[in-house]
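Student: A predicted structure for the sequence below; I have some questions about it.
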Amino acid sequence: MEPSTTTGRTGSLTNPEVREDVPGHVIPILEREFDDFDNEAEKYLDGQTAENEFIGFRLKQGVYGQRQADVQMIRVKLPWGGVSPVQMDAFASAIEQFAPLNKGHITTRQNIQVHHIPLRDAASFIREISECGLSSREGCGNTVRNVTADPWAGVCADELFDTTPYAGAYVRYFVRHPTTQLMPRKIKTAFSGADSDRALTGIHDIAFIARERDGVKGFELRVGGGTSIMPRVAPTLNEFVTADDGEYLKWAEAVFRIFDRQDWLRVNRARARIKVLVDKVGIDEVRRMVDEELEGDWVAERDFSIEDRVFLYDEQADAPAVPHTYGSPNGDATAYHRFLEANVESQRQRGFSTVQVKVTRGDLTPEQFRGLAQIMREFCGGHARTTVHQNFLLRWVRDEAVYDVWRRLGELGLGEAGSDEINDVVSCPGTDSCKLGITSSMGLNRAVQERIESMGITDPLTRRIHIKMSGCPNGCSQHHIGNIGFYGASIKVGEHTIPAYVAHIGGNYEGGDIVYGTRLKVRLASKRVPEAVERWIRLYEDEREDGEVFNAFVARVGTKAFEDRVRDLSMPIEFGLETMENFIDWTKNVPFQVVRGEGECAV
């Protein structure tokens, strides 16, 4: 295993113990950090360290507090969602050993999160997964979080160039970087090689979109996007920063240095994001600040070259050969052809396809982790990617082998058609684990998906509707950009409280156009949301014009039509035996209460 450079002592940032350019192995591993975590955790549990001091240390290792006492969520970073079969097996083993719920969760940031792990087991968990190059380093805290990118990078027909190598250099440059350890708030980054923007650059703190001038590769640099309570679409800071000389890293660090010095942002951490700075002073002033920052002495002290950081791995070299034998449908092939239509796309490399696995609510069991690993070994180039919509993308699948892959996925309970369609509902964990959660968004996800499945939707335009829901206004499910989106809230009824949701209609993230949905002026009891979703779908199907997509319909009829269709569902509910179920949230068995802890996103 070759270190990133040959300078510095072993175990230092310039000479880590482990770094390889192999699938999924991006973040250099420093073994001593696990011992440090063990020691600090024991000191905290022994009462020698105050909780507020320990939290900051814990978060940098990707260990996050839950609403349940004495257990943690561990967020494993998968840069651009990349993962190998060995790592999938490692997830399965670690989950079986340490996770009581026996599952891992794919997030909308392409991470894998594992919940309910006792603190004393956390170091063992992160040490075990590190053996195959997985890292939770800076998965939480005021750091550069997991770097997301287009899951189809390198295989799609519309990209200018594959951004994966440059995203790798960016990850390696900023992980453990002194400037990015205690900023006012977290940084979310995205890379996109195409204007179709499957990486959703517009909602990110900083983002890079592939550009080329006179044969030179570079990026359009955007800053200041974000959802939550103040949604903003990131404006362009620089039309072109070069890539191969590391100029894009220099500009990023200049932005972070400026952000880090804005002490006024630290006062209210709910608003301590780059978008607030951009919103206050304007993008032109931010550009002036960056130009000035780039004149500082610090620039000469840095090495922005990417040669020792770039991630180079030739997936095509490991792509499978044409199989000697392969299966094909025998008899009724309706289900298979539906899967082909919804989940399979041709790569730009002739003879290969990608297969998007629909992962319900983003949850995978150890058996499914191992099963997917084996499919990757047999049918892919040894590499797969998670997606920003909580799914799993198999790449470099031979066209002849797609049917066999579908059969194998079916054996794992993962062969359902409809990835990124109306029945592929996206949600955050909500009150299942999150301290900030108000409602059970995972429970509502299940209820809405079941309602949609019961409707037997076959209309192609209706299938293109995207539904997202968050358990609070912060928007971890990206509900703002769903065609139909919800965030968790409550309704007070005397001494009692009803779990509820606020709806957004008309959001968009496809085609490179980020649009935040319009918030409706009705608040729906949680148990009434599936009925509201069905009514809105029927409204669209009944009254749309020929070929009219959902958002165009919303623009034509207006949001009041959607409010009117569910007006009776927003009526008050009196507390009583017959209405009791409305006062109990999905998947829960006790009366609802708003219980919100102190979030750790900006500790």
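Tutor: Thanks, I have it.

Student: Extract the CA atoms of stretch 258-269 and return them as CSV.
Tutor: Provided in CSV are the C-alpha atoms of stretch 258-269 (Å, rounded to 0.1, in the frame of the first residue of the first chain):
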residue,chain,number,x,y,z
ILE,A,258,-13.3,33.5,4.6
PHE,A,259,-16.2,31.5,6.0
ASP,A,260,-14.2,30.4,9.0
ARG,A,261,-13.5,34.0,10.0
GLN,A,262,-17.2,35.1,10.0
ASP,A,263,-17.6,35.0,13.8
TRP,A,264,-21.0,36.6,13.5
LEU,A,265,-22.2,33.4,11.9
ARG,A,266,-21.3,31.4,15.0
VAL,A,267,-23.9,33.2,17.1
ASN,A,268,-26.9,31.5,15.5
ARG,A,269,-25.8,28.1,14.3
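
Student: and for it, what are the contacting residues?
Tutor: For stretch 258-269, contacts defined as CB atoms under 8 Å, 6 or more residues apart in numbering pick out 179-180, 182-185, 187, 271-274, 276-277, 286, 289-290, 293, 601-602. Where C-beta positions appear, they are placed from N, C-alpha and C, glycine not excepted.

Student: what do you get for stretch 50-69?
Tutor: For stretch 50-69, contacts defined as CB under 8 Å, 6+ apart pick out 33, 37, 40-41, 43-44, 72-77, 115-116, 119, 122, 126, 135-141, 143, 181-182, 431, 433-435, 437, 595, 597, 600, 603.

Student: taking those one by one, which sit in strands?
Tutor: In strands, judged by DSSP state E, the following of the contacts of stretch 50-69 are found: 72-76, 115-116.

Student: Now tabulate these in TSV and tack on neighbour count and distance to residue 158.
Tutor: Formatted as TSV, the ones in strands among the contacts of stretch 50-69 follow (neighbours: other CB atoms under 10 Å; distance: CB to CB, whole Å):
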residue	neighbour count	distance to residue 158
72	24	40
73	25	36
74	26	35
75	25	31
76	26	30
115	23	37
116	18	41
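
Student: Quick check: the farthest pair among these?
Tutor: Of all pairs drawn from the ones in strands among the contacts of stretch 50-69, the widest gap by CB to CB lies between 76 and 116 and measures 15.0 Å.

Student: circling back to that earlier point, which of the contacts of stretch 258-269 are buried?
Tutor: Buried residues within the contacts of stretch 258-269, counting neighbours by 16 or more other CB atoms under 10 Å: 180, 183-185, 187, 271-274, 276-277, 286, 289-290, 293, 601-602.

Student: Which of those residues fall within strands?
Tutor: Judged by DSSP E, the subset of those located in strands is residue 187.

Student: I figured residue 180 hits residue 174, correct?
Tutor: Yes. Using CB atoms under 8 Å, residue 180 makes contact with residue 174 at a distance of 5.3 Å.

Student: where do the contact lists of the two overlap?
Tutor: Residues touching both residue 180 and residue 174 (CB under 8 Å, 6+ apart) are 144, 256.

Student: Buried residues in stretch 437-453, which are they?
Tutor: Neighbour counts over stretch 437-453 (16+ other CB under 10 Å) mark 437-449, 451-452 as buried.

Student: Just name the closest of those to residue 516, please.
Tutor: For the buried residues of stretch 437-453, the residue nearest residue 516 by CB to CB is residue 441; the value is 18.6 Å.

Student: Not counting sequence-adjacent ones, nearest residue to the closest one?
Tutor: Closest residue in space to residue 441, ignoring its immediate chain neighbours: residue 430 at 3.4 Å, by CB to CB, 6 or more residues apart in numbering.

Student: ok, now residue 438?
Tutor: For residue 438, the spatially nearest residue (CB to CB, 6+ apart) is residue 488, at 3.9 Å.

Student: tell me the phi and psi of that neighbour?
Tutor: Per-residue torsions, residue 488: phi -70, psi 140 (degrees, to the nearest 10).

Student: before we move on, what about the one 10 residues further on?
Tutor: Backbone torsions for residue 498, taken as degrees, to the nearest 10, come to phi -110, psi 130.

Student: Next, the buried residues of the helix or strand hosting residue 253.
Tutor: Taking DSSP states H and E as the criterion, residue 253 maps to helix 247-260. Neighbour-count burial for helix 247-260 flags 247-260 (criterion: 16+ other CB under 10 Å).

Student: now do stretch 547-561
Tutor: Within stretch 547-561, the residues scored as buried using 16+ other CB under 10 Å are 549-551, 553-554, 559, 561.

Student: Please apply the same query to stretch 371-379.
Tutor: Neighbour-count burial for stretch 371-379, counted by 16+ other CB under 10 Å, picks out 371-373, 375-376, 379.

Student: ok, those residues vs residue 243, which is closest?
Tutor: residue 376 (29.2 Å).
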